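> Here is the input, now give the coordinates:
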Amino acid sequence: MSSKRLFPLLVLSFALFGASFFAAAQPENNGNSTEQKYPVSEEAGKKEENGKLDVAKVIFGHIADAHEWHLFTIKHEGGEPTHVSMPLPVILYHPQKGFVFFCSSRIAEGESYQGFKIKKDMMKEHVISEDGAAIYDLSITKNVLSMIISVVILLLLMMKAGKKYNTNGALKAPSGFQNFLEVIVIFIRDEVAKPCLGNKYKTYLPLLLTIFFFIWINNLLGLLPGGANFTGNIAVTACLALLAFIVILAKSRKHFWMHLLNPPGVPGWMKPMLVLIEIASLFIKPMALMIRLFANIMAGHIVILALICMVFIFAAINTYVGAGFVPVSLAFTIFMFCLELLVGAIQAFIFTNLTAVFIGQSIEEGHEEYEAHAH
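Okay, here's the model as predicted:
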């Protein structure tokens, strides 16, 4: 397999296993502080007992990661509501018991199964051990399953388009999805890769295309009813930013480090302060990538859910006021949904473009090297 084909596959593998590790594989400790760590869930339970809607629980319950994929809830008059969910495999590592496997349907919040309990906070479910041991949660959570689905969709679409090129050749006019795909590939090549990377754009184009389509597909999947808030998880965006940071450092040239550690044309007394600023900026760049994508996607989900919940908030005040606010809520929700479709593509483009800019800065050649290369 050529290096050009291997590069995007390595990116997908890194994103798959890296995000799985950051999002799911973290030790949990069942100490005395555990009961104080989840005040939101207890307060939410009190509000539900009073018959009031807990907006925070509804919103964060949707965007949070979980060990089951909740689809919808059916309410019954005078009875307990029925929660329709897809159970997911729970994979735990206990220092004494070793690996433990069971289905998430066997354990509910507050209940115990094989010595393990599930506790919830605002953004994630935590599995803790009743004996107080630190365990590692390697479960296939909702976000991990969503990531696997997006990778499968991405591979199927790209393999289908590649098969058409192999069959018809590159000179035949594309059709259908192949035509749509070619427009995006050419756009990323001409507007992102070439301006930022110069004559080395072919080396990094597979990486940039993989990042763009991976983020875009996950942004769209998150907007589906019952979809997972995958790119709105800071562990996922941190993994993607770390990937870009590794490429920047691995492909950096001498010219980049000379400008970083010994800025030219700067008075000697200013160099120490400027070097510290440049080194700080080196780490700020991936942090900006991480926070920008995470904040924009999560904010969009929160706004849409808040608009929907406002109907029930006004209905709690007065039934007629709540009914009158329904058209307003629907109109703003549809507008925000359409806006999020655009934001999903824009954020994928911005992440890809900034990655190309940062890589281009690290591989930039000095004037002497550039003249020798041109000669």
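> For the residue lying closest to Leu261 once chain neighbours are set aside, give me its contacts.
Distances taken as CB to CB, 6 or more residues apart in numbering put Val275 closest to Leu261, at 5.9 Å, once the chain neighbours are dropped. To be clear about C-beta, it is placed using only N, CA and C from the backbone, and glycine gets the same treatment. By CB atoms under 8 Å, 6 or more residues apart in numbering, Val275 lies in contact with Leu260, Leu261, Asn262, Pro263.
> List only buried entries from those residues.
Leu260 (16 or more other CB atoms under 10 Å).
> So what are the structural domains in this structure, by residue number?
For the chain, automatic domain parsing gives the domain ranges 26-137, 171-374.
> right, so of the ones you listed, which gets closest to Ile149?
With respect to Ile149, and counting by CB to CB, the nearest of the domains of the chain is domain 171-374 at 7.0 Å.
> picking up where we left off before, tell me which of the domains of the chain lies nearest to Ile153.
So among the domains of the chain, domain 171-374 is nearest, using CB to CB, at 6.0 Å.
> Looking at that closest one now, give me its mean pLDDT.
Here domain 171-374 scores 87 as its mean pLDDT.
> and Ile284, how many neighbours does it have?
Residues lying near Ile284 (other CB atoms under 10 Å) number 11.
> My read is that Ile63 contacts Gly300, right?
No. Using CB atoms under 8 Å, Ile63 is not in contact with Gly300; the gap is 10.0 Å.
> Mind listing the shared neighbours of those two?
Gly232.
> thinking again about what came up before, need the contacts of Val275 in JSON lines with secondary structure, can you?
Rendered in JSON lines, the data for the contacts of Val275 read as follows (DSSP: H, G, I helix; E, B strand; the rest coil):
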{"residue": "Leu260", "secondary structure": "helix"}
{"residue": "Leu261", "secondary structure": "helix"}
{"residue": "Asn262", "secondary structure": "coil"}
{"residue": "Pro263", "secondary structure": "coil"}
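> neighbours around Phe187, how many?
12.
> Ignore what I typed, I meant Ser129.
21.
> Same check on Glu111?
Applying other CB under 10 Å, I find that Glu111 has 10 neighbouring residues.
> now the one 4 residues further on
A count of neighbours around Gly115, defined by other CB under 10 Å, yields 16.
> quick one: the closest residue to it other than its chain neighbours from Gly226, how far?
Nearest residue to Gly115 in three dimensions, chain neighbours excluded: Glu130, at 4.9 Å (CB to CB, 6+ apart). Per CB to CB, to the nearest Å, Glu130 is found 32 Å from Gly226.
> try Arg253
Applying CB to CB, the value for Arg253 to Gly226 is 47 Å.
> could you list every residue that touches the nearest residue to Ala238 once chain neighbours are set aside?
Distances taken as CB to CB, 6+ apart put Met290 closest to Ala238, at 4.9 Å, once the chain neighbours are dropped. With contacts defined as CB under 8 Å, 6+ apart, the neighbours of Met290 are Ile234, Thr237, Ala238, Leu240, Ala241.
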